[in-house]
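> Give me a 3D structure for the following:
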Amino acid sequence: MSQYKESSSSTDLDELVSSNDMGGRKPKGLQLKIILVVAFVWALFQLWIASPFPYLLETDLLRWNSNQARSIHLSFAIFLVFLSFPFCSKSPVDKIPLTDWCIAILASLCTSYYLVEYDSIATRVGAPILQDVIVASIGIPLLFEAARRSLGITLPLIAAIFLVYNFFGNYMPEMIAHKGFSLYEVVNHQWITTEGVFGIALGVSTDFVFLFVLFGALLDKAGAGNYFIQLAFSCLGHFRGGPAKAAVVASGLTGLISGSSIANVVTTGTFTIPMMKKVGFSSEKAGAVEVASSVNGQIMPPVMGAAAFLMVEYVGISYLDVIKHAFLPALISYIGLVYIVHLEALKANMQGLPRKSSGVGFARKLSSFLFGFLALCVLSVLVYFGLGWIKQLAGDSSVYVISILVILSYVGLLYVGSKSPKLNDTTDQDLSELPLPGVIFRSGIYYLLPVIVLVWCLMIERLSPGLSAFWAALLTIFMILTKPYLEGKFRKEAYVRMSRGAKDLFDGMVSGARNMASISIATATAGVIVGVVSQTSVGAVLADVVEVLSFGNITLMLILVAILCMILGMGLPTTANYIVVSSLMAGVIVDVGASNGLVVPLIAVHLFVFYFGLMADVTPPVGLASFAAAAVSGGKPIGTGIIAFKYALRTALLPFLFIFNSDLLLINVTVTQGVFIFVIATLAMLIFTAAMERYFIVKNKWWESALLLLIAFSIFRPGFWIDKVVEPYQYVAMSEFLEQNQTVNSGTPLRIHVSEEGYSGEPERSTHMLIARESGDAKVILEHAGLNLYIADSVVEVDSVGIGSDAYAAGFEAFQVLKGVDVSNDQPSNFFVYIPSLALLAGIVLLQRQRKAKKV
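The predicted structure follows:
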C-alpha cells in the first residue's frame, strides 16, 4: 500500500473500492454491457419479489416462493462474480476470457438447478439421485472458487476444511470424531435441503439484505452520502479536533446506508482525512479515526452490515427487538470515539476550523432551536394521527392517498432546499471556512424523507424489513428520476437534463447489485459451514475444547471466544463474518456458560461474537479497512491498524459488559430505567476512555489512570462489588421450592439447575433460565412455560417439554432432573457503589484542575 500517497487521486480510490466490492475487471464494449444489464435485471428481480405486486397477479408465472428465489438470487450473484473478478493478478482485466464465460454459465446453471428441479426435489428429500450428486459436486467447488475470487482465500478455505471434516469425521482424533457421512448424505444436506448452501443465510440475503444494500446505493447516488458528510462537518467542524469528530458522525450516518466498512472508509475518508490532517492529526491517527468510526458503522442499527436480519432468524426475535437491543451499545461506542478524538485534540492543543458568522446571538439560536424542536413534535403528532384518520376514511385506497402526500412532501422539501446554495461534491470542495449548519440542513432536507419512510414502515406500520426497504427504495427511485428536472426548474436553470435522472437510476441499480454479488457468495459459502455444524457435533466439540482450556472460568472462556472470533473473522465481509462466528462460537458461550452457572439472553451472546468478529476488520495484519484508510492518508497501514485497534478497545469492552449486565441491551427495562442506564453507561465509557488515553483534564499520572479504570468498572458493573457483600441468589432444592407454594411475580427470572446423563455416562450439570410470563404458583408457572413434570419423593424430573414453548427454547429436555432453583436475595442498591465511585472521580477532577491551573 506504500504506493498510495496523500495525493492519491479520486480515481485510484474509486478503483480500490471497486476492486474490493465489484471486482477488479474493467471490460469494455459488449462484455461490459452484458455485466451491467445482468446486474440491472437482478436488481429489478429483487424489487419485484419484495413488492406486493406478484400477489396481485392471477398467474403463478412471475411468482416464486422463498426457496426458489434463493436459487435465482445465487445464480445472478455467481454469474456476476465470475465475470467481474479475475482468476488471479496476472489475468486480463480489460476483457473476459472465454473460460470465465463458460465457468460463469456452468456455475449459474448449477445454482439454478434447485429452481428447475424444485418440484422433483421436493418428492425425494433425503434420497438424492445421481443427477443431484453430479450437479452438487460441480456447484460447490465452483461456489468456493467464486468466494476465493471475490473474498479471498479465508472463507472458502474454512468452508473446505469443514466439508472435509464432514466426510472424514471417523478418522479424526477422538475428541472431535464423528461417524462420518457419505457423499449422498452430504449432498442431500448441503445442496438439496435448506440446511446448507440454500439455507437461512442465503434466504436472508435474498429477502432482506439485497433491498437494504440497493436502498443505500440508490440513496448515495441521489446525493445523500455527500449531504450527511457536509452536515456533520458544518455542525462539528469548529470544535477542537472538529474534523475528526465530524468524521465519526459522518461515518455513523453513512454506515446507516452502507454495508461495507471499506467503502465507508473511502467514501467519507477522502473528505475527512485531509481535514483531520489539516488541524494537526498525523496520517496514521487520521486514518485510524476513520477506520474505527467506519467499522463501527457496521454495529449501528438498522442494517448492521446485514447482521441484524440474520439475528432475527438465528435468535428467534423480531427485527424491532434486534434494533432495540443493539442500539444503546452502538451509540455509547460512538460517543466514546468522539471523546477519544476530543482527548487527542486536547493533548495536541488542536483547534477547529473557522466558521462563517451568522450574525445571530446565542439567545436567538436557542429560541430558534426550541421552536424548531416543538414544531417537529407537533408535526410528528399530526402525521401520526392524520395517517390513522386517512386509513379509516380511505380504507383500501389509503396507500394511494398516502403516496401522493409523501410525493407532495418531497416536492415541497426540494423547493425549500433549492432556495439554499447547491451542495458541491466533497472531492471538489475546500471547507477552509465551514458553512452554517442551517444552510446545509435546508439544502438537502429532502434526503431524510426516504429514511423517515423506512423507519416509519418498520416501527409504526410494523411491515417486514424487506417490504419496508422496498417502499423506501421506491421513493428514492422517484427522487432520482425527478430531482434533476424539478431542482433545475426551482433554481431557474437555463438547461435541465431530463436524461440525467434515468442514468443515475441505472447506475445506482447496477452499483447496488454488483456490491451484493460478493455478499451473496459469502452467505452461500458460509452456509456450508452452518450445514456442517448442524449435521455433525462440532458445536458441542468446540464447547468442550473451550471449557477445558478455560478451566471452567467464565471470564477466561469469554476471552478465548473473543480471540477465536477475531481469528475466524479475518478477511471476511461483515455478513459472512457474523454467520461464521455465530454458528461456531455462539453455542460455545451458551453451553459452557450454562454448565458453569452463567445464563444470558441469546441476543447478548450473538452480539458478543458479532462485535469481536468485526474487530478483525481493524486488527493487523489483515485489517482491510486499515489498508484502505492508509491509502487515503498516505500513512503506514500497520501503524494505522495498531492505532485503530487501540481506539476500538472501547468497543471491545462493551460485549463483556452486556454479557454480565444485560440491562445495557434494554432487556426487560422501563423507559425511565433505560434513560438512567444510558447516562450511567455513557459516563463509565467516557471514564474508561480517559484512562486508556492517559489524559483527562490534564495528562494522567499512572495511579490516576488505574483509579479511572476502577471507577469505570465499578459504574459499569456495580453488581460485582455488591455480590461480594450479599450473594445474589440463594439455592433452594426444586422439591422444596415447589412445596413452598410461593407466588412468583411476572417477569421474575428463574435460574434452574439441571442434571442429566452425559455422553460419557456421567451426570452433567447445567443451568437454564425461564422468565415468568405471569404471576402465580411456581408449579403453574413451570407448566405454562411448557414443562410437564414427574415428581416422586424429592426427585423432580421432566416428563415432556412442549414443542415451541419457553422451556423448549431455554434448552430443557425430557428426562432431565431439576435439582434446584436460585431464588433472588434482596441486595443493597447500586447507589452504594455509584456514590463512592463518583466521589473518587470528583477527587481526581479536583486534583487535575489544580495541576492545570498551576501550568497556566
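
> mind giving me the domain ranges of this structure?
Structurally, the chain divides into domains by automatic domain parsing as follows: 23-202, 209-513, 729-824.

> what mean pLDDT does the longest one have?
Spelled out, it's domain 209-513. The predicted model assigns domain 209-513 a mean pLDDT of 79.

> what's the straight distance from one end of it to the other?
11 Å (Cα to Cα, to the nearest Å).

> now for the domains of the chain, which one comes closest to Ile687?
domain 209-513 (9.7 Å; Cβ to Cβ). In this view, the C-beta of every residue, glycine as well, is placed from N, C-alpha and C.

> how about the nearest residue to Ser537, chain neighbours excluded?
His178 (5.7 Å; Cβ to Cβ, 6 or more residues apart in numbering).

> From the domains of the chain, pick the one with the highest average neighbour count.
domain 209-513 (a mean of 20; mean count of other Cβ atoms under 10 Å).

> Any idea how far it is from the middle of the chain?
Distance of domain 209-513 from its chain centroid, counting by Cα atoms, centre = their mean, to the nearest Å, is 17 Å.

> Please apply the same query to stretch 538-550.
27 Å.

> Repeat that for stretch 56-71.
29 Å.

> coming back round to it: quick one, phi psi at the residue nearest to Ser537?
phi -150, psi 180 (degrees, to the nearest 10).

> Which residue, other than its chain neighbours, is closest to Leu840?
Nearest to Leu840 is Ile711, by Cβ to Cβ, 6+ apart, at 5.8 Å.

> for the helix or strand containing that neighbour, which positions count as buried?
In this structure, Ile711 sits in helix 702-716 according to DSSP states H and E. Within helix 702-716, the residues scored as buried using 16 or more other Cβ atoms under 10 Å are Glu704, Ser705, Leu707, Leu708, Ile711, Ala712, Phe713, Ser714, Ile715, Phe716.

> Contacts only, for the fourth one.
Meaning Leu708. Ile687, Phe688, Ala690, Ala691, Phe696, Asn700, Leu841, Ile844 (Cβ atoms under 8 Å, 6 or more residues apart in numbering).

> hey, which helix is longest across this structure?
Secondary structure of the chain per DSSP state H: the longest helix is helix 499-535.

> from the middle of its chain, how far away would that helix be?
16 Å.

> quick one on the thing from earlier: tabulate the buried residues of helix 702-716 (a markdown table), appending pLDDT and distance to Met557.
Shown next, in a markdown table, are the buried residues of helix 702-716 (pLDDT from 0 to 100; distance: Cβ to Cβ, whole Å):
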| residue | pLDDT | distance to Met557 |
| --- | --- | --- |
| Glu704 | 92 | 32 |
| Ser705 | 92 | 28 |
| Leu707 | 94 | 29 |
| Leu708 | 94 | 27 |
| Ile711 | 94 | 26 |
| Ala712 | 92 | 23 |
| Phe713 | 91 | 19 |
| Ser714 | 92 | 23 |
| Ile715 | 91 | 24 |
| Phe716 | 87 | 19 |
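
> So which of those is the closest to Thr268?
Taking those together and measuring to Thr268 by Cβ to Cβ, the closest member is Ala712, at 29.4 Å.

> That closest one and Val698: what is the separation?
As judged by Cβ to Cβ, to the nearest Å, Ala712 and Val698 stand 19 Å apart.

> that older thread, can you add distance to Gly152 and give the buried residues of helix 702-716 back as CSV?
Output for those, formatted as CSV (distance: Cβ to Cβ, whole Å):
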residue, distance to Gly152
Glu704, 44
Ser705, 39
Leu707, 44
Leu708, 40
Ile711, 43
Ala712, 37
Phe713, 38
Ser714, 43
Ile715, 41
Phe716, 37
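
> Dead centre of this protein: give me the residue that sits there.
Met304 (2.1 Å; Cα atoms, centre = their mean).
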